[in-house]
Every structure is written in C-alpha cells, then in structure tokens.
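Chemist: Got a predicted structure here, sequence first:
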Amino acid sequence: MSVVLDAGALVAIERGDRDLIAVVKRERRAERAPLTHGGVVGQVWRGGHRRQAVLARLLRGVEVQPLDDDAGRRAGVLLGLAGAADVIDAAVLLLAHDGDEIFTSGPEDLRVLAAAAGRHVDLIPV
C-alpha cells in the first residue's frame, strides 16, 4: 500500500494537520515514502525554505515523480475517459494503485477519475 498526496494534503501538512503528519511519519517509519508529482509541488510551492520550512522538510521524505511527457499523455487519456479537465488531479490518481490511500482536498473529483481508470483506491479527505 502507498500513500499519495495531492496539493490539499501538502497544504494541510504545512498548516500543521496532526493526523496527516502522523500518516507521513508512519510511512517513513515503515521505510515507505509518500508519493506525489512535480505538478502538485508547483501548486503549493511559493519559494523559499524559510517561508515554507514545514513543507520543505516534508518534501525531503516524499517521492516526487516527474510530470513528464508520458505521464501527461496518460493523464490526458484518463481525462478524456472521465470527461474531466484537471491534469494535476489525473496525474495524482495515476500514481496510485488498487488499495492505495490518496489524501486529497478533492475526493469527488478523484472519485470520478478513479472510476474511469478502474482503480480501487481509498480517497481520504483533508
């Protein structure tokens, strides 16, 4: 099982969400890195380790996948299947496999994408 974080999850951690911080710590203790992608980081990063010290520290223990040509194309295909438009959300969903947990501020959007992709994931609102 993997933990996948969307932008809402990163913002929640930055704001001190203790439950989500505990999840990240649990994953690190189990020697698993939570997953996200570079587009998600771009949604929340506003420049500077000093200004976003909590987020900078968190990201050291997160596996940040590239949002490259291949990922972009797969996300685009999924968006077409789902009738959706948010490439960042689609790429987040594509990081997850059956049984994974996605911590998200947009569970309804990801539910539509998961159904279109045939993925059975736990969508945990933050």
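Modeler: Cool, the structure landed. Numbers count the residues shown, from 1 in each chain.

Chemist: what residues does the longest helix along the chain touch?
Modeler: Secondary structure of the chain per DSSP state H: the longest helix is helix 69-82. With contact meaning Cβ atoms under 8 Å, 6 or more residues apart in numbering, helix 69-82 is reached by 37, 65, 67, 84-87, 90-91, 93-94, 112-113, 115-117. Backbone N, C-alpha and C define where each C-beta goes, glycine included.

Chemist: State the number of residues packed around the nearest residue to V87 once chain neighbours are set aside.
Modeler: Sequence neighbours aside, A75 is the residue nearest to V87 in space, at 4.9 Å (criterion: Cβ to Cβ, 6 or more residues apart in numbering). Using other Cβ atoms under 10 Å, A75 has 24 neighbouring residues.

Chemist: how much space between A75 and R28?
Modeler: Note on A75: its distance to R28, by Cβ to Cβ, to the nearest Å, is 27 Å.

Chemist: got the phi/psi numbers for G47?
Modeler: Note on G47: backbone dihedrals following degrees, to the nearest 10 are phi 90, psi 100.

Chemist: Now do the helix or strand bottoming out on mean pLDDT in the chain: which elements does it pack against?
Modeler: Lowest by mean pLDDT, DSSP states H and E among the helices and strands of the chain is helix 53-59, with a mean of 90. With contacts taken as 3 or more Cβ pairs under 8 Å, 6 or more residues apart in numbering; DSSP states H and E, helix 53-59 sits against helix 7-14.

Chemist: Toward the C-terminus, what is the element adjacent to the helix it packs on?
Modeler: helix 18-29 (DSSP states H and E).

Chemist: gap between the helix or strand following that next one and the chain center?
Modeler: Moving toward the C-terminus from helix 18-29, the next helix or strand (DSSP H and E) is strand 35-37. Averaging C-alpha positions (Cα atoms, centre = their mean, to the nearest Å) puts strand 35-37 5 Å from its chain's average.
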